[in-house]
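A.B. asks: generate a structure from the sequence data that follows.
(chains A and B)
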Amino acid sequence: SAVISQKPSRDICQRGTSLTIQCQVDSQVTMMFWYRQQPGQSLTLIATANQGSEATYESGFVIDKFPISRPNLTFSTLTVSNMSPEDSSIYLCSVEDPDREAYNEQFFGPGTRLTVL
Amino acid sequence: RKEVEQDPGPFNVPEGATVAFNCTYSNSASQSFFWYRQDCRKEPKLLMSVYSSGNEDGRFTAQLNRASQYISLLIRDSKLSDSATYLCVAPSTDSWGKLQFGAGTQVVVTP
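C.D. replies: Numbering: from 1, shown residues only, chains lettered A, B, ... in the order given. The predicted structure is shown next:
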């Protein structure tokens, strides 16, 4: 499976500021996904990022709050804008195994643990 | 109704025992399912994929019951290292590639 890294691994931010999270994959992948996992909850999909097109956002998530970039097939960023304490969460990127894209198997980066004060 | 529902547990299991738990799904058209394992403060890791009636990998067995729309995970000869949250995952009805995650079942294996 692909090796995925995320930066930063954790951060503590002040409300009203923005944080950009990077996701790097060691192989070219078509689809990259951004999830949020709030404390004690399961994963919620924020958006799907495809290279060369606008990200597709899920209900409840908007581009102004969570702008996403996908400049190439190995990299994506998610920005959490104008943060509030409710944005405190783990943010995870995932990709489908490029050799098994038909099977919908996703593999996750290590996550970014964000705390907003 | 949620697309994927799980018993949150915790399931307290003596070391060496067998534990099984289910997950129900709402989309009858789903063809593939997944069990992920998530350790505390870590990312989910794919444990098993289920594409037909079931799958077995060592001490882990997943079974799919399409008629009743549930998937089960059975862990035999439980190890202390099996303590984790197990997430049931099914493809969403909305769009290709999108997955729906259950809330997870917590398993605690005790000495």
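A.B. asks: stretch B:58-69 near chain A at all?
C.D. replies: No - if you take Cβ under 8 Å from any Cβ of the partner chain as the test, stretch B:58-69 misses chain A, and the best it gets is 13.8 Å. In short, each C-beta sits where N, CA and C put it, glycine included.
A.B. asks: so what sits opposite the residue nearest to B:Glu43 when sequence neighbours are not counted in the bridge?
C.D. replies: In this structure, B:Glu43 finds its nearest non-sequential neighbour in A:Phe108, 4.1 Å apart by Cβ to Cβ, 6 or more residues apart in numbering or on different chains. Note on A:Phe108: beta-bridge partners by DSSP bridges are A:Ser94.
A.B. asks: what is the burial count for A:Phe108?
C.D. replies: By other Cβ atoms under 10 Å in any protein chain shown, 23 other residues sit near A:Phe108.
A.B. asks: quick check: the gap between it and A:Leu92.
C.D. replies: Distance of A:Phe108 to A:Leu92, given as Cβ to Cβ, to the nearest Å: 5 Å.
A.B. asks: find residues that contact each of the two.
C.D. replies: Contact criterion Cβ atoms under 8 Å, 6 or more residues apart in numbering or on different chains; residues shared by A:Phe108 and A:Leu92: A:35, B:43-44.
A.B. asks: which residues does the residue nearest to B:Glu43 contact?
C.D. replies: Applying Cβ under 8 Å, 6+ apart, we find A:Phe108 in contact with A:4, A:35, A:92-94, B:43-45.
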